[in-house]
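J.: Sequence plus predicted model, see below.
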Amino acid sequence: MEEVAVEQAEQTPCELVGEGYTLIFATAPEYSDAVLTVANEFPETRFEVCRGDTTAGNVVTYDGRIYQIFYLLGGILGEMTVTGKIGFIAPEPNVEVIRDINALTIAGRIIRYEDITVHVRWTGSWNYLEADLQAARADRGGRRCADPVHLQPRGAEGG
């Protein structure tokens, strides 16, 4: 299924179970609560939540090795920066995001011989573009001005 709104996150898996599916993947952490609710109703169905943080008897989580891409990006940003400061706009401090920041930082420091600092701005949202823009603007012209600035990928309903 494509483009399932978070508000429909309980209805959609129920429909899929009704159609006979026994393994259902939720592709964003925003679906975790809905999946846990539905999983109680259908104990014979297995559910997997991408970057989820809670499991149950029939609910597990999965994640890709995205940090490897952030390592490559860190090398590129390490080459690009003039000031030695890289900005990173991130939604929330969870394990995956921190792992991505660490990978970017390590590669940037390898390229610039440890003359790199990464300045993280937490927006508190995976889906609110205006918060990302405000965080990016906050770094412009101030003491902590960074170049370049990286924006963390969007969540389930990101814009």
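T.: Yes, it's here.

J.: where does Phe47 land in three-state SS?
T.: What DSSP: H, G, I helix; E, B strand; the rest coil gives for Phe47 is strand.

J.: Then Gly20?
T.: When classified by three-state DSSP, Gly20 comes out as coil.

J.: Let me know the pLDDT of it.
T.: With respect to pLDDT, Gly20 has a value of 96.

J.: Neighbours of it, how many?
T.: A total of 6 residues lie near Gly20 under the criterion other C-beta atoms under 10 Å. In short, each C-beta sits where N, CA and C put it, glycine included.

J.: do you know how far it is from Phe42?
T.: Per C-beta to C-beta, to the nearest Å, Gly20 is found 12 Å from Phe42.

J.: Apart from its chain neighbours, what residue comes closest to Ala135?
T.: Spatially, and ignoring its direct neighbours in sequence, Ala135 is nearest to Arg121 (3.9 Å; C-beta to C-beta, 6 or more residues apart in numbering).

J.: and the lengthiest helix in the chain, which residues are buried?
T.: In the chain, taking DSSP state H as the definition, the longest helix is helix 95-111. Residues 96-97, 100-101, 103-109, 111 are the ones in helix 95-111 that count as buried (16 or more other C-beta atoms under 10 Å).

J.: Toward the C-terminus, what is the element adjacent to that helix?
T.: Elements were assigned by DSSP states H and E; along the chain past helix 95-111, the next helix or strand is strand 117-122.
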